[in-house]
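Undergrad: I need the structure of the sequence given here:
(one chain, ligands or ions: 2)
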Amino acid sequence: MLIHIPGVLTPEELAFCRKTLSEADWSDGKVTAGQQSAKAKQNLQVPLDHPAHRALGDLVLRALGRNMLFNSAVAPLRVVPPLFNRYDVGMRFDTHVDNAIRPIPNSGGMRIRTDVSSTLFLTEPSEYDGGELMMHDASGTQEIKLPAGDMIVYDTTLLHSVAPITKGSRWASFFWTQSMVRDSARRQILFDLDQNIIDLRQRLADNDPAVLNLVNVYHNLMRQWCEL
Ligand SMILES: O=C(O)CCC(=O)C(=O)O
Ligand SMILES: [Fe+2]
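TA: Ligands and ions are numbered 1, 2, ... in the order given. This is a model prediction of the structure:
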């Protein structure tokens, strides 16, 4: 699963994020990395106790809540509070694994299983050179660089990296989600079915028997596959 979700943030939200981040403190990104990824990671992050972390994190969570494509593709159960990172010239994140289990800060010990990773781009591709998010699998490497306000979601099972920045600065929000549907193939089937039902509802009608039956199939599959 590798899905591009355009326009997650409105232009006003994006401008607010950028202004707040331009005034924020930044610290070494290694603080939230696992043992292997700490060695590969060279970037900056807004510290977890900085007011901007909470305010912007809530803004991103609200944007996710209203995003039909995110909800259809990811079937989220829990999202860790979004983090904010920045790569200046020379910074990078070499190929690494994201930890399978992550604590939710200030939650009294709650943890999530990381099924889906997301990067929400906050700077335009024209503002930096390098900085592609690279997905590595047996078929090769895929490079991703999206407009500001757009997001990529991908299975956390994938090895990935961020190419070194050679000009400018790349800002993003990134976070992990535990899905109600652990299995990536099942998530993809539900997503495909949901997207086609949305298409059919527009071409037929909500109470067309074929539409009703497919909506029923969708919910019956959810009953079979969702863990809450
Ligand atoms: O900056 C990104 O797009 C990805 C960050 C990342 O892979 C991580 O923090 O584990
Ligand atoms: Fe990562």
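
Undergrad: all contacts plus neighbour counts: C-alpha atoms, from now on.
TA: Fine.

Undergrad: quick one, what contacts the residue nearest to Arg113 when sequence neighbours are not counted?
TA: Leaving out its chain neighbours, the residue that sits closest to Arg113 by Cα to Cα, 6 or more residues apart in numbering is Ile101, at 4.7 Å. If you count contacts by Cα atoms under 8 Å, 6 or more residues apart in numbering, Ile101 has them with 111-114.

Undergrad: point out where this structure drops to low pLDDT.
TA: The chain contains no residues with pLDDT under 70.

Undergrad: next, give phi and psi for the residue nearest to Arg113.
TA: phi -120, psi 130 (degrees, to the nearest 10).

Undergrad: one more: Val74?
TA: Torsion angles, degrees, to the nearest 10, at Val74: phi -110, psi -20.

Undergrad: buried among the contacts of Ile101? Make that a PyMOL selection.
TA: Only the buried entries of the contacts of Ile101 go into this PyMOL selection, using 16 or more other Cα atoms under 10 Å:
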select buried, resi 112+113+114
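
Undergrad: from the contacts of Ile101, pick the one nearest Ala15.
TA: Distance to Ala15 across those (Cα to Cα) is lowest for Thr114, with 29.1 Å.

Undergrad: quick one: contacts for that closest one?
TA: So Thr114 contacts 99-102, 156, 176-178 (Cα under 8 Å, 6+ apart).

Undergrad: what subset of those is buried?
TA: 102, 156, 176-178.

Undergrad: for Pro47, see how far away the residue nearest to Arg113 is.
TA: Applying Cα to Cα, to the nearest Å, the value for Ile101 to Pro47 is 20 Å.
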